[in-house]
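[1] Okay, here's the prediction I keep looking at, along with the sequence it came from:
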Amino acid sequence: MNRILSLALAGALAGAAAMAPAPSDAEMRHHKRMMHGRQGAFIGVKTQSMTSELRQHLKAPSERGVLVARVIEDSPAAKAGLKVGDIILSAGGEDIEHPYDLAYQVRRADEGESLPLRLVRGGRTRSLKVTPERRDGEHMGRRGKGRREMRKEVMERFDAIEKRLDALEKR
């Protein structure tokens, strides 16, 4: 049963990401500047603001925090153990209420300096340390795919998950 709920949550997160409106060029430049900063520091996560429904479903304890919607393979976040579905409550001792709060804390961290994170996973509060790295170029795309291709792939995966869930319900 937990596996079914996990698949349902993964599908819901994927569907929400796929249905999100495409950001403008100005928003993308701002996001890139915030995520990479002057030194190009990044941790390798895509986050989204929390809704009241997500807070309730994920048992988030407060009105702060951002949801980890994606963790880039071999990124500092992946190496530190961050997972999709984690809710980041604070970074560097500062509360995180919006995705740009996290980006700001990452940008402020010195290269090679560990950034302590407090997060919620499965209803329990945890602490992790992530060390931002310097990267050049665009890193939020997946294997060089554009946003449209990524959305198509996410929707295809979501459809496959729905089919599997339907098959399980019929048993």
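    Everything's here; your move.
[2] Now do the same for the closest residue to Leu117 other than its chain neighbours: helix, strand or coil?
    Nearest non-adjacent residue to Leu117, counting by CB to CB, 6 or more residues apart in numbering: Leu128, 4.9 Å away. From N, CA and C alone the C-beta is placed, and that goes for glycine too. Following DSSP: H, G, I helix; E, B strand; the rest coil, the label given to Leu128 is strand.
[3] Who are the contact partners of Leu128?
    80-82, 116-117, 119 (CB atoms under 8 Å, 6 or more residues apart in numbering).
[4] let's see 10 Å
    By CB atoms under 10 Å, 6 or more residues apart in numbering, Leu128 lies in contact with 77, 80-82, 86, 88, 114-119, 121.
[5] downstream neighbour of the helix or strand of the chain with the lowest mean pLDDT in the secondary structure list?
    Ranked by mean pLDDT, DSSP states H and E, the weakest helix or strand in the chain is helix 25-36, scoring a mean of 54. Proceeding N to C from helix 25-36, the next assigned helix or strand is strand 41-42, under DSSP states H and E.
[6] Next, Val84: secondary structure please.
    Assignment for Val84 (three-state DSSP): coil.
[7] Check whether it really touches Leu58, as I assumed.
    No - checked against CB atoms under 10 Å, the pair Val84 and Leu58 is beyond contact range at 11.4 Å.
[8] Tell me which of those two has more neighbours.
    Higher neighbour count among Val84 and Leu58: Leu58, with 19 against 15, using other CB atoms under 10 Å.
[9] Report the contact partners of that one.
    9, 50, 65, 67, 85-87, 120-123.
[10] The longest helix belonging to the chain: which residues count as buried?
    Secondary structure of the chain per DSSP state H: the longest helix is helix 147-170. Buried residues in helix 147-170, defined by neighbour count with 16 or more other CB atoms under 10 Å: 150-151, 154, 158, 161.
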